[in-house]
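S.K.: Using only what follows, build the 3D model:
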Amino acid sequence: MSASRLWAVVAAAGKSERMGEAVAKQYQRLAGRCVLDWSVQALLSVKGIAGIMIAHPPGDVQWQTALRDRSPLVNGCAGGATRAQSVRSALAALQAQGAESQDWVLVHDAARPAVRRADIEQLMASVGNHPDGGLLAVPVRDTLKRSDANACVEATVSRAHLWQALTPQYFPLGRLAQALAQSNAEQLTDEASAMEQIGARPRLVTGRADNTKLTTSADIAWLAFTLGNQAAAEDG
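M.R.: Next up, the predicted model:
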C-alpha cells in the first residue's frame, strides 16, 4: 500500500440565501481579497497538500477568477443541491485525479476565510491516525435557551460538554465517502454528522473563535477586520 496523501475539499456551492446580498458570500471581497481566495490560500499553505477541489455552483466559472494566484493544485467541480452532494462530488473528483481511500481529506467551508494554518496543523497533529478523524471546534461559552413556538423561553440548556463545530474537518477519504454514501446525509450541515451516523466518534480539537463563518451581512465588517489584522501580522 502506498503512503497516504493529503487532499482538501472546499464547499462553495451554497446559494448564500441568508446573506441578502447580490454577490454570493464566497465572492465577497474582504480586506482586498475574495472570501474564497482567503480560504483556499490557507489550505495551500499546509505542508504536503496534494490537491484542492472546490465544489462550486453548477455552471459557475467565477471561482477561477476569484483566486488571486491560481495554483495548479486547485481544481473545481460542480457541487450539488445539498452540502452532502457537493462534498460527495468533490471526493469523486479527487479520486478521479488519483486520490485513494487510505488518503486523508480536509473539508473546509469556503465561507470561513479566517482559518489559520496553525489551527489546521494542530487539527491534523491531534487526530493523527485516528480512524474516525476529527474537527476543529470551540466549547460553547454562552448560556443556551430553548424556545417554544412563540419565541418564549421554554428551558435553559446546559452548555456542559457542548461544542460549536468549525471547519476544516479531517477524515480518512475512503471512510468519509462511505459515510456520505450510507448515511441519511442530505440535510446534514457538516461531515462529522455523517461520520457519526455510521458509528464514528470524531475527535474535537479546540480551534480559534475568530474562525467565523460568513453567514449574514453583519459578519462582513468583523471578518474584514480579522483578516486585515492577520495580513498585517504576516507582513510584519
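
S.K.: Looks to me like M53 is in a strand.
M.R.: Yes - counting by DSSP: H, G, I helix; E, B strand; the rest coil, M53 is located in a strand.

S.K.: mind listing the helices for this structure?
M.R.: Using DSSP state H, the helices of the chain run over 35-44, 62-66, 83-96, 117-127, 173-182, 191-197, 218-235.

S.K.: okay, which residue is most central for this protein?
M.R.: Geometric centre of the chain, nearest residue: H108, 2.0 Å, by C-alpha atoms, centre = their mean.

S.K.: dump the residue contacts of that one.
M.R.: By C-beta atoms under 8 Å, 6 or more residues apart in numbering, the residues touching H108 are 8-11, 39, 42-43, 115, 167-169. Using the backbone N, CA and C atoms, a C-beta is placed for each residue, glycine as well.

S.K.: since we're on the spatially closest residue to it that is not a sequence neighbour, how many residues are nearby?
M.R.: Spatial nearest neighbour of H108, chain neighbours left out: P168 (4.2 Å); criterion: C-beta to C-beta, 6 or more residues apart in numbering. P168 has 29 neighbours, counted by other C-beta atoms under 10 Å.

S.K.: Surely P168 touches V127?
M.R.: No - at 10.7 Å, P168 does not count as touching V127 under the criterion of C-beta atoms under 8 Å.

S.K.: got any ranges where this structure has weak pLDDT?
M.R.: By pLDDT under 70, the weakly predicted segments of the chain are 1-2, 15-21, 185, 235-236.

S.K.: picking that back up, considering the contacts of H108, which is situated nearest to I52?
M.R.: A8 (4.5 Å; C-beta to C-beta).

S.K.: Run through the bridge partners of the closest one.
M.R.: I52, L106 (DSSP bridges).

S.K.: Would you check that H56 makes contact with G80?
M.R.: No - judged on C-beta under 8 Å, H56 makes no contact with G80 at a distance of 10.9 Å.

S.K.: shared neighbours, those two?
M.R.: Common neighbours of H56 and G80, using C-beta under 8 Å, 6+ apart, are A13.

S.K.: Quick check: D119 touching Q230?
M.R.: No - with contacts counted by C-beta under 8 Å, D119 stays clear of Q230, the gap being 11.9 Å.

S.K.: Pull the number of nearby residues for V138.
M.R.: Count around V138 with other C-beta under 10 Å applied: 16.

S.K.: ok, now D142?
M.R.: Other residues lying near D142 total 7 when counted by other C-beta under 10 Å.
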